[in-house]
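> got a sequence here, can you build the structure:
(chains A and B)
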2 protein chains.
Amino acid sequence: MPKPWATLGVDLHLEPTGPGLRRGLTDALREAVRTGRLAPGTRLPSSRALAADLGIARNTVADAYADLVAEGWLTARQGSGTRAAERRVVPPVPSSTLRPQSHRPAYDLRPGTPDLASFPRTEWLKAARRAITSAPNEALGYGDPRGRAELRTALAGYLARARGVRTDPERILVVAGFAHGLQMLGTVLRARGVRTVAVESYGLDVYEKQLTTTGLGTAPLPFDALGTNPEGLTDAGAVLLTPAHQFPMGVPLHRDRRAVVVDWARRTGGLVLEDDYDGEFRYDRQPVGALQGLDPDHVVYLGTASKSLAPGLRLAWMVLPPSLVEEVTSAKGGVETCGVLDQLTLAEFLTSGAYDRHVRASRLRYRRRRDTLVEALAAQAPAVHITGIAAGLHAVLRLPPGTEQSVVQAAAWQGLALYGLSFFRHEAAVTEPLDALVVGYGTPPDHAWAGALEALCRVLP
Amino acid sequence: MPKPWATLGVDLHLEPTGPGLRRGLTDALREAVRTGRLAPGTRLPSSRALAADLGIARNTVADAYADLVAEGWLTARQGSGTRAAERRVVPPVPSSTLRPQSHRPAYDLRPGTPDLASFPRTEWLKAARRAITSAPNEALGYGDPRGRAELRTALAGYLARARGVRTDPERILVVAGFAHGLQMLGTVLRARGVRTVAVESYGLDVYEKQLTTTGLGTAPLPFDALGTNPEGLTDAGAVLLTPAHQFPMGVPLHRDRRAVVVDWARRTGGLVLEDDYDGEFRYDRQPVGALQGLDPDHVVYLGTASKSLAPGLRLAWMVLPPSLVEEVTSAKGGVETCGVLDQLTLAEFLTSGAYDRHVRASRLRYRRRRDTLVEALAAQAPAVHITGIAAGLHAVLRLPPGTEQSVVQAAAWQGLALYGLSFFRHEAAVTEPLDALVVGYGTPPDHAWAGALEALCRVLP
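Now for the predicted structure:
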């Protein structure tokens, strides 16, 4: 005799009739097994008994049991009735134990991440609703490896207008972040016989590693007051640059040097990889247009939503010279890699003007932070010279010689995450080392900014 | 004297006061430039003149102009006033011209894509709203390269319950599709010194190519009435199988042979790659559990949302033996590749029961189609023997010897996209060739299914 239903402790909220009845029953039983209220192995009442108990049709109960057997929540064996499945369901693990065990700093002033608290969730959801509602069915299938046409078209218009990029949608490739794009370009360059990519003396070592993984070496170019010096480019097959806003030094590539780079590319057939990571954020001067606009046949333009919206979207784009489109697309593996719903949402975001509005609001927010940073340093740390402040989400704080390491150490003790400039220096750089901090003012949420600034001033000499 | 504003033809819907006024003006002007109603180079009225014309504060107009200059829609030059930007904005290209020029068939019976018309847009949007609203800020940053903990936790529970997979969230890697996962596994296997991966005699050549790209060769295993025969596995470093539902033959790997595969892996240290592409769709029998459940230390389980939801999501997952987690994660390039919003939405979809409901509804839909396919063939093409129908979204139609090519050709003439079995046969397969069609019944939308079936019966012998 099965245990009477009433004592199984399952709350059933059932509609009196219709298809809702079966679903309500199924949902309630599933929930009971999932949460363990029906322990593994528990024998359920027969469909006849439960139907009588609940005053509903026996078929409804039988159907619900069959659904749950098919889903794996229940098991049915001839002669042993229907039971809650024995399969041990892995209990949900609290997400904190899944995160890499990094000590979370009180304040994070490392550059590279925008203010995530200001991600426009409501606007993004609105755009997502429009995009998901209006997408044609075929958009949900296996798509063009270059990415959705709607997004590439919106990007072509936006990049022409806001960054002076010369392109059409056919030459744009949507990728899952700058690193993903660089990986593909590295693969193509290596296959073309390139061995070395010239890079800047200062930059992110993860990108260097990205190139190394594809079998390429990197050679740093000198850096001076006019920015990166491209005179020594002769024998590289390609060069990776941040022309609009050198990362992390914060200066634009001098106009004459822009010309030198393009001349070199034309003369040697070399390729310029233009990392335009934060081109949207200018404060005190006219925007510096993309280098790509000078020569779309020799420059690959790389842009990203990671700074203007959020890295978590994993959306970036490459504008390719026509001769590279096929090779790079094929290096992508022949299939789309970015979710189409996010792609369509970003397209909607761009064409509706929501992107511009968000960028403008962010620009204002970051500019205010920069201004308070400059003021605070002038008042509290006059020995520190601040540079690279006309644009972007970070600044360089020049320190007295020999003090960088001790300042970074002092910051760590105070729970302030900071990078010294040496963190970004290429190990083969010939440029004389400078003592400095690279301070990202994008990361802290608004409410934490004042505290972060105070903590920073405390550790400065 | 500038052209009077009224003749510029810009409709302005302005709120009488407050911040909405500036935004309304900015939006209206942007739209006018974007759509060409303000032609490139057109000089705008001075901010003083426009403010007077509209009866608003001059600063509001000046601010709107400044915003649009910063966005690149307008230009401002000393002495020449404010003008609509000269930069040629690339006009939107209709998406049809961007699509690869493939002749669109009247009916598509190629396997591999589910019914995209039944993608649960409304339910997905609901889940997206919950996910986006409740996500912590840090979720929007650069994340765990394995994917979001919420999704991996939800998958661990689902896979244990529905597919008998033994795992915890730590060993799950979220990837942008099966091919993306295979590429990483190929890279790791090659780095470990593996040279050849055993594959099935029938399968998708894109996966073979994926392996070839990473430097691996493939060697086909024999196929017979019991499915793929793993006896000859001796010297391969890894084997790629579809154990639950051989693609495209549609049979499960025989129980004895499952044991042979696992024994081989234990004995030689070889790796089994289990492609569980459509494990959710079973009709006439108890689900065939994942091979991975027999030996989680030697089997990599690969699942995907491409068949159960839509390929356009670009979401798939790998369950890795503990010893492989670090290597494969590092082959992923060290960064997350899938958008976190989709990941969080899928997690919400799984835990809320919406995934189960969608799979159950889809199972019913596909099962009905399969039943009508079987009935139609029995009535109209009795010479055709249908197999592989207990599960999945496709069936194999055995044809009289020597007729496959002509049937595929006849189908093409009728606008019916179809693959013959030879399309899926490994070029080095030793199995005797069979004449057959592989008919995918997932792809057509419901309203087109009857027509597709009729067209199919017309071309069958």
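> and the closest residue to residue A:428 other than its chain neighbours, how close does it get to chain B?
Counting by Cβ to Cβ, 6 or more residues apart in numbering or on different chains, residue A:428 lies nearest to residue A:220, which is 5.4 Å off, once chain neighbours are set aside. Glycine gets a C-beta too; all of them are placed from N, C-alpha and C. Note on residue A:220: its distance to chain B, by Cβ to the nearest Cβ, to the nearest Å, is 22 Å.
> then residue A:337?
With Cβ to the nearest Cβ as the criterion, residue A:337 and chain B are 4 Å apart.
> ditto for residue A:75
Distance from residue A:75 to chain B, by Cβ to the nearest Cβ: 9 Å.
> what's the end-to-end length of stretch A:222-232?
8 Å (Cα to Cα, to the nearest Å).
> near chain B at all, the lengthiest helix in chain A?
Assignment by DSSP state H gives helix A:354-380 as the longest helix of chain A. Yes - using Cβ under 8 Å from any Cβ of the partner chain, we find that helix A:354-380 touches chain B at A:356, A:357, A:359, A:360, A:363.
> out of the residues you listed, which are buried?
A:356, A:357, A:359, A:360, A:363 (16 or more other Cβ atoms under 10 Å in any protein chain shown).
> and those as TSV, adding distance to residue B:230?
Below are those laid out as TSV (distance: Cβ to Cβ, whole Å):
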residue	distance to residue B:230
A:356	58
A:357	59
A:359	56
A:360	61
A:363	61
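> in a helix, residue A:68, correct?
Yes - Residue A:68: assigned to a helix according to DSSP: H, G, I helix; E, B strand; the rest coil.
> identify the residues contacting it.
Going by Cβ atoms under 8 Å, 6 or more residues apart in numbering or on different chains, residue A:68 touches A:26, A:29, A:30, A:33, A:74.
> for the first one, give me its contacts.
Spelled out, that is residue A:26. A:64, A:67, A:68.
> try it again with 6 Å
A:64, A:67 (Cβ atoms under 6 Å, 6 or more residues apart in numbering or on different chains).
> and stretch A:287-300 with chain B, contact?
No - judged by Cβ under 6 Å from any Cβ of the partner chain, stretch A:287-300 makes no contact with chain B; its nearest approach is 7.3 Å.
> no wait, stretch A:303-321
Yes - using Cβ under 6 Å from any Cβ, we find that stretch A:303-321 touches chain B at A:310, A:311, A:312, A:313, A:314.
> show residues contacting that stretch.
A:114, A:119, A:155, A:165, A:167, A:171-178, A:181, A:276-278, A:280, A:297, A:300-302, A:328, A:342, A:346, A:359, B:139-142, B:339-340.
> and these, which are buried?
Neighbour-count burial (16+ other Cβ under 10 Å) applied to those gives A:114, A:119, A:155, A:165, A:167, A:171-178, A:181, A:276-278, A:280, A:300-302, A:328, A:342, A:346, A:359, B:139-142, B:339-340.
> so which of these sit within strands?
A:172, A:173, A:174, A:175, A:300, A:301, A:302 (DSSP state E).
> out of those, flag the one nearest to residue B:372.
Checking these against residue B:372 with Cβ to Cβ, the nearest one is residue A:174 at 39.1 Å.
> for residue B:310, see how far away that closest one is.
Per Cβ to Cβ, to the nearest Å, residue A:174 is found 17 Å from residue B:310.
> show me what contacts the closest residue to residue A:322 other than its chain neighbours?
Spatial nearest neighbour of residue A:322, chain neighbours left out: residue A:171 (6.2 Å); criterion: Cβ to Cβ, 6+ apart. Neighbour list for residue A:171: A:319, A:320, A:325 [criterion: Cβ under 6 Å, 6+ apart].
> distance of the first one relative to residue A:347?
Between residue A:319 and residue A:347 the computed distance is 16 Å (Cβ to Cβ).
> so for the two, which sits in the more crowded spot?
residue A:319 (27 against 24; other Cβ atoms under 10 Å in any protein chain shown).
> how about that one, nearest residue that isn't a chain neighbour?
residue A:301 (4.0 Å).
> so what's the one you found bridging to?
Counting by DSSP bridges, residue A:301 is bridged to residue A:274, residue A:319.
> does it touch residue A:166 like I think?
No - counting by Cβ atoms under 6 Å, residue A:301 does not reach residue A:166; the two are 9.2 Å apart.
> pLDDT score for the residue lying closest to residue A:430 once chain neighbours are set aside?
Using Cβ to Cβ, 6+ apart and skipping residues adjacent in sequence, the residue nearest residue A:430 is residue A:222, 5.8 Å away. Looking at residue A:222, its pLDDT is 95.
> which residues touch residue A:222?
A:229, A:430, A:431.
> now the residues you listed: which count as buried?
A:229, A:431.
> just put the contacts of residue A:222 in TSV and tack on secondary structure.
Output for the contacts of residue A:222, formatted as TSV (three-state DSSP):
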residue	secondary structure
A:229	coil
A:430	coil
A:431	coil
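> chain B contacts on the stretch 101-250 of chain A?
Checking the stretch 101-250 of chain A against chain B by Cβ under 6 Å from any Cβ, the hits are A:113, A:116-117, A:119, A:121, A:125, A:128-129, A:132, A:137, A:139-142, A:149, A:153, A:156-157, A:160-162, A:168-169, A:176, A:179, A:183.
> return a PyMOL selection command for the buried portion of these.
A single PyMOL command selects the buried members of these (16+ other Cβ under 10 Å):
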select buried, chain A and resi 113+116+119+121+125+128+129+132+139+140+141+142+149+153+156+157+160+161+162+168+169+176+179+183
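> now the helices for chain A?
Counting by DSSP H, the helices of chain A are A:19-34, A:47-54, A:58-71, A:95-98, A:121-134, A:149-163, A:178-191, A:205-213, A:255-268, A:325-331, A:340-351, A:354-380, A:404-413, A:446-459.
> weakest of these in terms of mean pLDDT?
Across the helices of chain A, helix A:95-98 gives the lowest mean pLDDT, at a mean of 38.
> domain map for chain A?
If you go by automatic domain parsing, the domain ranges for chain A are A:5-84, A:107-113+A:357-459, A:119-355.
> hey, which of those is tucked in deepest?
domain A:119-355 (a mean of 21; mean count of other Cβ atoms under 10 Å in any protein chain shown).
> quick one: end-to-end length of that one, please.
End residues of domain A:119-355 are separated by 11 Å (Cα to Cα).
> mind checking how far the residue of the stretch 351-461 of chain A found nearest chain B is from residue A:53?
Closest approach between the stretch 351-461 of chain A and chain B, counting by Cβ to the nearest Cβ: residue A:356, at 5.1 Å. Separation of residue A:356 from residue A:53 (Cβ to Cβ) stands at 62 Å.
> check residue A:353 too.
59 Å.
> now the angle between helix A:149-163 and the longest helix of chain A, please.
For helix A:354-380 against helix A:149-163, the angle by axes from the mean of the first three to the mean of the last three Cα atoms, to 10 degrees is 40 degrees.
> and helix A:354-380, what does it pack against?
With contacts taken as 3 or more Cβ pairs under 6 Å, 6 or more residues apart in numbering or on different chains; DSSP states H and E, helix A:354-380 sits against helix A:446-459.
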